[in-house]
Structure formats: structure tokens, C-alpha cells
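S.K.: The sequence and its predicted three-dimensional model are supplied below.
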Amino acid sequence: MAVVACFCGKAADFTGEWSGNLSVGAVSLKVVFHIDRQGEALTCTMDSPMQKTFGIACTPSVHGDSLLVDIPAVGGAYKGVMNTDGTIAGEFSQMGQSFPLALKRVVKEVEAPKPYLEKEVTVDAGGGITLAGTFSIPKGAGPYPAVVLLTGSGAQDRNETIGDHRPFAVIADSLTRHGIAVLRCDDRGVGGSSIASGYETTEHFAADALAMLNAVKHYEGVDSTKVGFIGHSEGGLIAIINATKGPRFIVTLAAPAVKGKQVMTRQNELLAKVHGFDMPAETRTTMEAVFAAIDTIPHVNALRDRLKMLLADLPAHVRDAEIPVFTSPWYRHFIQFDPSDALKALGRNKKVAMLALNGEMDAQVDADQNLSVIQTYVPHARIRRMPGLNHMFQPVDSWAKSLDIVANPHSFSPKAIAEIITFIQTLK
């Protein structure tokens with residue numbers, strides 16, 4: 001009878017949304033499983049938000065307090081056991097390797113009503129490009145100052161989502177609560193926006209930003225004389241490019257202010273520092289030769305041949321993965337682009353206010369390298385070096401943790417947001 005009772009025990013309930021961080025070397029990837037029940041059968045999909053991958057089909061099965069999820073699309077599987085506290089302890093396996101992956105059930109809180117208005121909008125960017133976004137504005141007649149949020153490099157959604165963090169949603173919420181309207185849009189190829197061609201450069205995204213700026217100036221309740229950009233990373237560079245083309249102000253968040261080749265050289269130096277070593281002289285020489293080739297060789301085929309020679313000592317699979325990136329239109333344009341002319345023009349136009357914020361523990365866009373140039377070319381800019389903040393303006397206590405964005409429990413710094421709010425509210 002005891003044996004029969006054992007086999008008849010109730011299986012653990014694994015339905016719901018489960019989330020955990022998968023550590024692969026120095027990289028932490030968020031993994032989300034959505035498990036549902038349809039009749040007697042379980043269904044499952046998996047998301048990898050940092051890799052912009054959602055809805056991967058899975059096959060789940062439950063045996064008592066054990067869960068097995070087969071993920072054929074990625075050649076992987078997950079095996080876990082339900083703990084007494086309701087969490088799952090298990091392992092994710094793929095390509096003969098296994099990694100610990102603990103999962104917690106996601107409990108979604110009911111969101112309190114917002115004290116402002118929010119609506120879905122679209123922006124015609126010309127050339128058949130439509131950008132989908134969210135516009136938030138304080139309740140009341142206004143008019144209110146307004147900002148356009150500009151995302152960093154790569155395909156980003158309107159909230160600049162990375163893992164559980166949605167920095168642009170945090171910024172938009174805080175600004176709107178303080179009397180500032182906000183427009184934020186999905187990049188081309190993301191969410192509800194038009195499909196990207198793959199040949200876009202920073203200049204294309206700068207044109208999209210101008211379209212957003214011109215659109216928000218005509219929204220009801222907006223003070224068209226106080227509309228500006230807030231740009232993060234590449235978005236900050238775009239704000240600089242467009243600074244004399246219509247905004248009343250720009251706010252840059254970790255914006256490159258020197259030539260892309262210099263930004264990437266310094267970034268690689270800082271990445272070595274984060275990982276606790278000095279860059280070997282041979283590696284530095286190769287890196288500088290690669291960036292020089294991208295900067296000076298105009299034809300793609302000739303550049304590709306040069307890069308094959310420079311990277312000949314790398315494993316073939318690494319070299320074959322890097323060369324398409326280095327020869328892509330966006331990367332070549334970024335390496336070659338020098339924003340000094342745009343900064344000098346802004347320096348001559350004192351009618352356009354500027355606030356430049358950089359985190360002092362940013363391992364991607366060095367604060368000293370870039371803020372010093374802004375200070376030189378735009379003397380009227382308000383410069384703020386933010387102690388203890390990384391590239392995403394999250395507090396960190398060491399360089400070693402500056403890149404661990406997903407696992408960082410902190411969102412975008414309230415102190416940085418307060419600087420932005422004060423800057424905009426004091427505009428005349």
C-alpha cells in the first residue's frame with residue numbers, strides 16, 4: 001500500500017512563468033520559461049531576452065517534483081527539481097556542456113494607476129519607415145516640455161530592455177511624474193517598428209530621431225519651444241549630431257564624443273581592466289592595426305582581405321565570426337565617424353542647452369575621455385561625472401562588476417534622473 005501511495009502522489013505544479021540567470025563564463029544570460037496547461041498536456045516556450053529571442057518552442061514533462069524541458073531548436077534541455085520553498089534547482093545542458101540554472105516563479109504585481117496619460121503612437125520617419133512608440137504626458141492642459149529618448153547601439157526596444165531592466169521606462173515614468181512629456185520608440189526592426197535592412201548606420205538612426213523630434217513638437221499639450229533629446233550611448237552621439245537641427249536642449253548619457261576608433265580602443269583597454277589584466281603589447285598592436293584598416297580602407301573586399309591577414313593567428317571560427325561584424329556598414333561608419341564638427345557647432349550655438357552625464361565606472365564609453373572633449377568644445381554644457389555608475393547608470397562597487405548588468409539589482413540611477421529633471425525644469 002505504501003508503494004501504491006508513492007506512485008499516486010500529486011505532481012508538483014510547474015505551470016506559470018519561471019526566470020533565472022544562466023552564467024556562461026563571464027556572461028550572465030536571463031532565461032525565462034512559460035509553462036501552461038492545455039487539458040491534460042503541458043505546453044512551454046522559452047525566452048532569452050538579452051539575445052532578443054522569444055517564444056522558443058519547448059516540450060515539458062513532469063515526474064513528481066522533477067521537471068524536464070526539451071528545447072530542440074537550440075539543441076538544449078533543462079532538468080530541475082522543485083525545492084520546498086517553491087524554487088527550482090537544476091541544470092541547463094547544451095552541446096555537451098551543463099550549467100547550473102536556478103529558477104524562481106515570476107509573480108507579477110498589479111500596477112497602480114499612473115498619474116499621467118500614456119498612449120501608443122506611430123511616427124512616419126520617411127522612406128517607408130514607421131516607428132512605433134509610447135508617448136506619456138502629464139494630465140492637464142499644459143503645455144509641457146518634452147523629450148525624445150534615443151537608444152544605444154544594437155536593436156533596442158522603446159524601453160531599452162536588458163534582462164529585467166527597462167531603463168527608458170524608468171526614465172519616462174519619473175520625468176512624466178515631474179511634468180515632462182516623453183516619447184520613446186522601438187528601433188527599426190524591433191517591436192512595432194518597420195523592418196531594418198541591415199545596412200543602417202548612425203546617420204540613418206539620426207534621421208529617425210529628427211522625425212521623432214518633429215512629431216512630438218506637434219503633439220497636443222507639448223510646449224514646442226522646449227523639446228529636446230535624451231540619448232544613451234549611440235543615442236547620445238545622435239543627439240550631438242542633431243543638436244543644431246531643432247532641439248532646445250540635449251542630454252547625453254555616456255555619449256561618445258571622440259572618433260569611433262578612439263572609443264573602441266579605449267573600450268578594449270577598459271575591458272582588459274575589468275577582467276583584471278593589462279593588454280599585451282602584441283594584442284594592442286593587432287587591435288590598432290584592425291581599427292586603422294577599418295578607418296582607412298574604403299572597399300569592403302580589400303578590407304576583408306586585410307582583416308584576414310591581421311587576424312590570421314585567431315582560431316578560424318573566431319575570425320570568421322568577427323570579420324562580418326568589422327566589415328558591416330554600421331561598424332565601419334562608427335569607427336570612421338568623428339563628432340568634433342557637430343560638437344563645435346553646438347559650442348557656437350548657446351541657444352541649445354546641453355547636459356552631459358557619464359558614469360565613472362563605465363567600461364564601454366570612458367567618462368574622462370569623452371567628457372573632457374565635450375567640456376572643450378561646448379563650454380556652456382553642464383558636465384556631470386557620476387561616481388560609482390556603470391554604462392547603464394547602475395550603481396556598482398567595483399570594475400569587475402561594471403559589465404554584469406543583468407544580475408545587478410539596481411536600475412537606472414535616481415540621482416542621474418534627478419540631474420535630468422532639474423536641468424529641464426530650469427530651462428528658460
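M.R.: Received it, and whenever you're ready, just let me know what you need. Numbering: from 1, shown residues only.

S.K.: contacts, neighbours, all on C-alpha from now
M.R.: Fine.

S.K.: Distance check, the spatially most central residue of the chain against Asp187.
M.R.: The residue lying closest to the centre of the chain (Cα atoms, centre = their mean) is Glu160, at 4.7 Å. The spacing between Glu160 and Asp187, counted by Cα to Cα, to the nearest Å, is 10 Å.

S.K.: Lys428 now?
M.R.: Distance from Lys428 to Asp187, by Cα to Cα: 32 Å.

S.K.: any low-confidence regions in the stretch 101-250 of the chain?
M.R.: 109-110 (pLDDT under 70).

S.K.: Show me the helices in it, by range?
M.R.: For the stretch 101-250 of the chain, the helices defined by DSSP state H, counting those that start in this stretch occupy 167-177, 202-217, 234-241.

S.K.: most packed of those helices?
M.R.: The highest average neighbour count among these, using mean count of other Cα atoms under 10 Å, belongs to helix 234-241 at a mean of 27.

S.K.: what helices or strands is that one leaning on?
M.R.: Judged by 3 or more Cα pairs under 8 Å, 6 or more residues apart in numbering; DSSP states H and E, the packing partners of helix 234-241 are strand 144-150, helix 202-217, strand 222-232, strand 249-253, helix 340-348.

S.K.: With respect to Met50, which of those lies nearest?
M.R.: The minimum distance between Met50 and those falls on strand 222-232, with 17.6 Å, by Cα to Cα.

S.K.: Sheet partners, orientation included, of that closest one?
M.R.: If you go by DSSP bridges, strand 222-232 pairs up with strand 144-150 (parallel), strand 249-253 (parallel).

S.K.: mind saving the C-alpha coords of the shortest one as PDB?
M.R.: C-alpha atoms of strand 249-253 as PDB (Å, rounded to 0.1, in the frame of the first residue of the first chain):
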ATOM      1  CA  PHE A 249      18.300  71.000 -25.400                       C
ATOM      2  CA  ILE A 250      20.100  67.700 -25.400                       C
ATOM      3  CA  VAL A 251      21.000  65.400 -22.600                       C
ATOM      4  CA  THR A 252      23.700  62.800 -23.300                       C
ATOM      5  CA  LEU A 253      24.100  59.700 -21.200                       C
END
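
S.K.: three-state assignment of the closest residue to Thr43 other than its chain neighbours?
M.R.: Computed as Cα to Cα, 6 or more residues apart in numbering, the closest residue to Thr43 that is not its neighbour in sequence is Asp36, at 5.2 Å. Following DSSP: H, G, I helix; E, B strand; the rest coil, the label given to Asp36 is strand.

S.K.: Which residues are in contact with Asp36?
M.R.: 15-16, 42-44 (Cα atoms under 8 Å, 6 or more residues apart in numbering).

S.K.: now swap in Pro143 and tell me
M.R.: So Pro143 contacts 221-223 (Cα under 8 Å, 6+ apart).

S.K.: what about it, distance to Ile250?
M.R.: 19 Å.

S.K.: Quick one: residues contacting Ile383.
M.R.: 355-357, 371, 375.

S.K.: returning to that earlier point: mind checking which of Lys428 and Asp187 has more residues around it?
M.R.: Asp187 (28 against 6; other Cα atoms under 10 Å).

S.K.: Surely the more buried one and Leu131 touch.
M.R.: Yes: applying Cα atoms under 8 Å as the test, Asp187 and Leu131 come out as touching, 7.0 Å apart.

S.K.: which residues are in contact with both of the two?
M.R.: In contact with both Asp187 and Leu131: Ser193, using Cα under 8 Å, 6+ apart.

S.K.: circling back: reformat the contacts of Pro143 as CSV; add neighbour count.
M.R.: Below are the contacts of Pro143 laid out as CSV (neighbours: other Cα atoms under 10 Å):
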residue, neighbour count
Gly221, 19
Val222, 23
Asp223, 18
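
S.K.: In a markdown table, list those residues along with distance to Lys52.
M.R.: Converted to a markdown table, those look like this (distance: Cα to Cα, whole Å):
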| residue | distance to Lys52 |
| --- | --- |
| Gly221 | 35 |
| Val222 | 33 |
| Asp223 | 36 |
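
S.K.: so, if you compare the residues you listed, which one comes nearest to Ala215?
M.R.: Val222 (10.6 Å).

S.K.: Pull the contacting residues for the closest one.
M.R.: 142-146, 181, 216.

S.K.: And those residues, which is closest to Gln364?
M.R.: Ala146 (28.4 Å).

S.K.: could you measure the closest one against Leu183, distance?
M.R.: 8 Å.

S.K.: One more: Leu403?
M.R.: In terms of Cα to Cα, Leu403 sits 28 Å off from Leu183.

S.K.: With neighbour numbers in mind, choose between those two.
M.R.: The neighbour count for Leu403 versus Leu183, taken as other Cα under 10 Å, is higher for Leu183 (25 against 22).

S.K.: For that one, give its distance to Thr225.
M.R.: For Leu183, the distance to Thr225 - Cα to Cα - is 16 Å.

S.K.: try Leu357
M.R.: Taking Cα to Cα, one finds Leu357 at 23 Å from Thr225.

S.K.: if we can go back for a sec, adding distance to Asp85 as columns, could you present the helices and strands packed on helix 234-241 in a markdown table?
M.R.: Listed next are the helices and strands packed on helix 234-241 as a markdown table, based on distance: least, Cα to Cα, whole Å:
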| stretch | distance to Asp85 |
| --- | --- |
| strand 144-150 | 41 |
| helix 202-217 | 47 |
| strand 222-232 | 40 |
| strand 249-253 | 41 |
| helix 340-348 | 56 |
